Structure formats: structure tokens, C-alpha cells
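> Have a look; sequence and predicted model below, questions after that.
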Amino acid sequence: MTRIALALLLLAPLAAHAEPTADEPASVTPVAVPKKAAAIDPITTDDSVRVETTAPGPAAVEAAGVRFELHGYARMPLSAQTTPREPFLIDNDYFLSGFAYTRLYEPDWSELFFSAHKDNYKAEFGLFASLYSDYASARLENQLGIAQASVTAEKFLNVEPLSVQIGVFWDRFGHVEPYDTYIFGRTHQGGVKVAYKLPGGGHVQTGIGIHQAQLQQNLGLTPVAHLAGSYPITDAVTVGAYALRTWTRDTRQLSPIQDGTMYVTGADAKYKLPGERGHVYSAFSFYHMDKVLYLAPALEVMHSTGGRGLTENFLGTDASEDGSGRMYTLAVDAPIAITDRIGVRAFGMASWVRSPQRDEMDPLANRDRRLYVKWGIEPSYLVIPQLRVSARFDRVILDMYDQENSFRVLSPRITFPLATWGELFFMYSHYWYGDKIQLRSGQVPLETMPDSDVFKLQAQVRW
């Protein structure tokens, strides 16, 4: 462990020249930020699943024919209510907030990827952590340590377009950056992936993996399989298609675990605006769920870990037949540079849920025929290359047929870009809540109402 830490420290000065993450599942999310879109594109975790790669940087460390690289992402937010104290909010917990999550007050997070390249082969290790221990009381479940390890073989069997990856790694499909969510899913697995680059810039891949059982939570061993691909129809338009299946058949004596299955299908498209003025991304997905309450978190979709998260956030835990139902989701994200200095980003999502949990008398308990909608807009102005001002407005409706179960947020922000490497920013948010919005049960003892005014200071970098 000491040698690994030393290697990471030695590589740190060269991080700015390192190659981006080399996982390449199919997607239509852009690889590089257009220069003219700098006024609107924030620094974020590299959750793009790409169809192309970047050539190795000229300053990579090499020893005995092996090239070593370090890349990653880190954000360091400090937020407070005006008292000051830690803010009480319903939209700041990535998994528990469910559809209400806005990413405005996301928690701290770091991910480091250390890789070693030899000819056409690469070994990569991922280290993840949250709650920096010198600032907060560290919790073991947030210190993920070496969370991923895999080996990738390019030009497999001397076939130029073919690659194979084996180990513990993730694939990320349909990432919507303003909400940091996945329309088709992010896998958490140990398994194998086979990818093939098509003529004309297309890409197709398939793979299968498993997530170990979590018997204390009554979650069985859960495989996940996928087939995904993307293809550029024109220089401006790229389309993608996705099909995933995750299931468990891990029934045991004296255990409540039952057979469960989930299917995810869908498509997305990206249109690049002329003159490198940004793009418009849209995605549509369909989930079919049958007793997903017993699925381990092999697949994360819509801020929900496995089938238990989907059941708690969307299907209902009282009468959903152990997490059964259907879900349709549409998402749009359009970051547009109007001029070199003026930009605007419009984004939104809608989810229609069918669930056996029906209650015509209590809209809060009812989960059937429930339409979730959220949208936002963020105009921005690049004052100088080192200063950008913006204001983001969010509207979140947790039930279109119960309008009091909704809220609005206005968030002015001052950002200091650190070239293309990172940024520092200060943000203030004011919330307007509907009459039915309350903190989650048990979220804050003896408190029911979330805060209306919040401040945040944050630094984040990506290399």
C-alpha cells in the first residue's frame, strides 16, 4: 500500500497531461468541451461514456516499457444555512432524494484512476472516497478504497477494432450532467465486456457481470447484462441504443429473497450545433420491473441503487408487490453558447410510473399513474476568462396531479474557472416550497421543514 501511495504522489505533477478514463461504452455524450461553450459547461466528473479515445499525452511516465498514468475528479463543497449550520434539504442526497435530487448541493467526492499501459494492454485501479476525514467524521461505508480493478486488451486476437475488458469496472449509459443521473444505468459489477469499433465512427459493445449478494439486506446475487451501441448518422447527429437486463434467482432456505427481474431499454441522440455552439442531447428509457426489491445494486438508475432504491423512490414499499411496475423516462439537456461570452443551458426530465401501489385518497401514498417532472434553465456570462456569473432556476414537481408536492430554487453563482482543469465558485440558493414538501421521515430529528436559504463554496477539478 505504501508503494501505491508513493507512485500516486510521484505521478501527481503530471496529472494535467494524463489520458482521460479509457472505458469506452457506447454513448452519445461528447468527449471534449467545445471552446465556444466554455461559458456554459462546468467542470464535472468524467461520466461520459465515449465512442473515441484521446491519444496518450507526451509527458506520461514510462519505465521498463510500461506507461503509468493518473487521472481523476474531485469536488470539495462547503455549504451552510444562514445560522450557520449544516443545511436541511430534500434535494441533496444522491440516493435518498430520488427524483427530487438537483445536484445543487451535492456531497464531496473523489475518484482516482491509476493505470499501467503495456503495448495494447492496460491495468487500471479505481479509488473512491467521500467525507474527507480531516473535516468530517469519516464513515467506513463512504471510504470505498480500491473499488475497481480491471485489465483491458486492445486489438484483441490481433483484430484492430476489438477490445476486451475483464475485472471490476463500471459502464455508464445516458448520463444527464445537470442532475448527475443515468437514464439507462451505471453498472456496479465484476465481469467482462467486449467492444467493437464500427467503420464510420460507430461503436457497439456487450458484456455481463455480477454483483455479490447482500444477505443481511435480503438482496440476492445479481447478474447484469447489456448490449449498447452508437453511430454517427451525420457529422452533427449521433444516435445510440441500449438494452440491459438484471435479475436474481438466489432463493435460499429461511430467506425472504424471491426471484426478481428488471429490463431497461431505450435510445438517445445528440445534435451538435453549428460553429461549436454546443449541443442538444435527448434520451428516452423504459424500465420493466418484477419483484426488484430483492436485486442487489448491480445497476443504478435514476439515483436508485438496485431494485430496493427504485422501490423506495418510485414504486412504493407498502403495496408494490415487492417492487413491480413500469417506468418511462424522458430527458433533455441543451448547453448552448449564444456568443463567446453569453451562454444558456436548458435541461429537464419527466418520469411516468405505473405501480400496484394505488391510493385514490392519499396522493402522497399513491405511486401509480404518477408523473414526475423537473426542469431548469441557467443563463451565464463570461465576464473575463477568469470570471463567470450565472443564475440557475430549478422547478421540481414530484406529482403533476398534486402540485403542492413541488418546489422551486433560484441559485445565483459566481465562478472562477481554472483554465480547463477546474473551477472555484460561490453559490447562494433560495427555495420556495409547496405546502406538502417536508423533510424525509427521520432525516433530521424533531425537524420537518427544509431550509429556504443556503450558501455554498466549492472547488472542483478534473484531470
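Perfect, I can see it now.
> Need the per-residue pLDDT for the residue found closest to residue 103 once you drop the neighbours it is linked to in the chain.
Spatial nearest neighbour of residue 103, excluding adjacent residues (C-beta to C-beta, 6 or more residues apart in numbering): residue 180 at 4.8 Å. Using the backbone N, CA and C atoms, a C-beta is placed for each residue, glycine as well. According to the per-residue confidence, residue 180 scores 94 in pLDDT.
> For residue 180, the count of nearby residues, please.
A count of neighbours around residue 180, defined by other C-beta atoms under 10 Å, yields 17.
> swap in residue 424?
Neighbours of residue 424 using other C-beta under 10 Å come to 15.
> circling back: residue 91 is in contact with the residue nearest to residue 103, correct?
No: checked against C-beta atoms under 8 Å, the pair residue 180 and residue 91 is beyond contact range at 11.9 Å.
> ok, the residue lying closest to residue 229 once chain neighbours are set aside - how many residues close by?
With C-beta to C-beta, 6+ apart as the measure, residue 204 is the residue that lies nearest to residue 229, at 3.7 Å, once sequence neighbours are left out. By other C-beta under 10 Å, 18 other residues sit near residue 204.
> Equivalent analysis for residue 437, please.
Quick note: residue 437 (other C-beta under 10 Å) scores 20 neighbours.
> what's the answer for residue 107, then?
Close neighbours of residue 107, defined as other C-beta under 10 Å, add up to 14.
> Likewise for residue 356?
Other residues lying near residue 356 total 16 when counted by other C-beta under 10 Å.
> Now do the same contact list for residue 378.
40, 178, 344-346, 390-393 (C-beta atoms under 8 Å, 6 or more residues apart in numbering).
> cool, and residue 215?
If a contact means C-beta under 8 Å, 6+ apart, then residue 215 has 252, 255, 257 as its contacts.
> Closest one of these to residue 383?
Nearest to residue 383 among the contacts of residue 215, counting by C-beta to C-beta, is residue 257 at 57.2 Å.
> So that closest one belongs to a helix, correct?
No: checked against DSSP: H, G, I helix; E, B strand; the rest coil, residue 257 lies outside a helix; its state is coil.
> Ramachandran coordinates for it?
Comment: the main-chain dihedrals of residue 257 come out as phi -60, psi 130, following degrees, to the nearest 10.
> Now for residue 347: which residues touch it?
Neighbours of residue 347 in contact, by C-beta under 8 Å, 6+ apart: 176, 178-179, 331-334, 375-377.
> Against residue 444, how distant is it?
Residue 347 sits 29 Å away from residue 444, going by C-beta to C-beta, to the nearest Å.
> which helices and strands sit right next to the helix or strand encompassing residue 329?
Assigned by DSSP states H and E, residue 329 belongs to strand 325-337. In this structure, strand 325-337 packs against strand 172-176, strand 279-290, strand 342-354, with contacts taken as 3 or more C-beta pairs under 8 Å, 6 or more residues apart in numbering; DSSP states H and E.
> For those strands, state which one has the densest average packing.
Comparing those on average neighbours per residue, with mean count of other C-beta atoms under 10 Å, the densest one is strand 172-176 at a mean of 25.
> and the first helix or strand past that strand going along the chain, C-alpha only, in PDB?
Moving toward the C-terminus from strand 172-176, the first helix or strand encountered (DSSP H and E) is strand 181-187. Taking C-alpha atoms only, strand 181-187 is exported to PDB below (Å, rounded to 0.1, in the frame of the first residue of the first chain):
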ATOM      1  CA  THR A 181     -28.100  10.900 -13.100                       C
ATOM      2  CA  TYR A 182     -28.200   7.900 -15.500                       C
ATOM      3  CA  ILE A 183     -31.200   7.300 -17.800                       C
ATOM      4  CA  PHE A 184     -30.100   3.800 -18.800                       C
ATOM      5  CA  GLY A 185     -27.900   3.000 -15.800                       C
ATOM      6  CA  ARG A 186     -24.500   2.800 -14.300                       C
ATOM      7  CA  THR A 187     -23.300  -0.800 -13.600                       C
END
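> let's have the chain start at 231 instead
I'll keep to 231 as the first residue from here, and by that count the last item is strand 411-417.
> what inclination does strand 411-417 have with respect to strand 572-584?
Strand 411-417 and strand 572-584 meet at an angle of 70 degrees, taking axes from the mean of the first three to the mean of the last three C-alpha atoms, to 10 degrees as the criterion.
> And strand 411-417, what's buried?
Using 16 or more other C-beta atoms under 10 Å as the test for burial, strand 411-417 gives 411-417.
> Strand partners (parallel or antiparallel) of the helix or strand just after it?
The C-terminal neighbour of strand 411-417 among helices and strands, as given by DSSP H and E, is strand 419-427. When pairing is defined by DSSP bridges, strand 419-427 lines up against strand 392-399 (antiparallel), strand 433-441 (antiparallel).
> need the helices for the chain, in chain order.
232-241, 536-540 (DSSP state H).
> I'd assumed residue 578 was in contact with residue 561.
Yes: counting by C-beta under 8 Å, residue 561 does reach residue 578; the two are 7.2 Å apart.
> lowest-confidence helix or strand of this structure?
helix 232-241 (a mean of 36; mean pLDDT, DSSP states H and E).
> And stretch 321-336, what's buried?
By neighbour count on 16+ other C-beta under 10 Å, the buried set for stretch 321-336 is 321-324, 326-336.
> for those residues, which one is nearest residue 510?
Distances from residue 510 to the buried residues of stretch 321-336, taken as C-beta to C-beta, are shortest for residue 333 (19.7 Å).
> right, and the helices and strands packed on strand 555-567 - which one's nearest residue 503?
Proximity to residue 503, assessed across those by C-beta to C-beta, is greatest for strand 509-520 (6.0 Å).
> Sheet-wise, list the partners of that closest one with their directions.
In the sheet, strand 509-520 lines up against strand 490-502 (antiparallel), strand 555-567 (antiparallel) (DSSP bridges).
> so how far is the last one off the chain centroid?
What it means is strand 555-567. 13 Å (C-alpha atoms, centre = their mean, to the nearest Å).
> Between strand 402-406 and that strand, find me the angle.
Between strand 555-567 and strand 402-406, the angle comes out at 60 degrees (the same axes, to 10 degrees).
> Show the average pLDDT along strand 555-567.
Per-residue pLDDT over strand 555-567 has a mean of 97.
> Report the buried residues of that strand.
Within strand 555-567, the residues scored as buried using 16+ other C-beta under 10 Å are 555, 557, 559-567.
> quick revisit: reformat the contacts of residue 445 as TSV; add distance to residue 592, pLDDT and neighbour count.
Listed next are those as TSV, based on distance: C-beta to C-beta, whole Å; pLDDT from 0 to 100; neighbours: other C-beta atoms under 10 Å:
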residue	distance to residue 592	pLDDT	neighbour count
482	36	89	11
485	32	89	13
487	30	94	21
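> Out of the residues you listed, which is nearest to residue 499?
Using C-beta to C-beta, the contacts of residue 445 come closest to residue 499 at residue 487, 38.8 Å.
> Just send the strands paired with strand 419-427 back as JSON lines, with distance to residue 636 and mean pLDDT too.
Listed next are those as JSON lines, based on distance: least, C-beta to C-beta, whole Å; pLDDT from 0 to 100:
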{"stretch": "strand 392-399", "distance to residue 636": "38", "mean pLDDT": "96"}
{"stretch": "strand 433-441", "distance to residue 636": "34", "mean pLDDT": "96"}
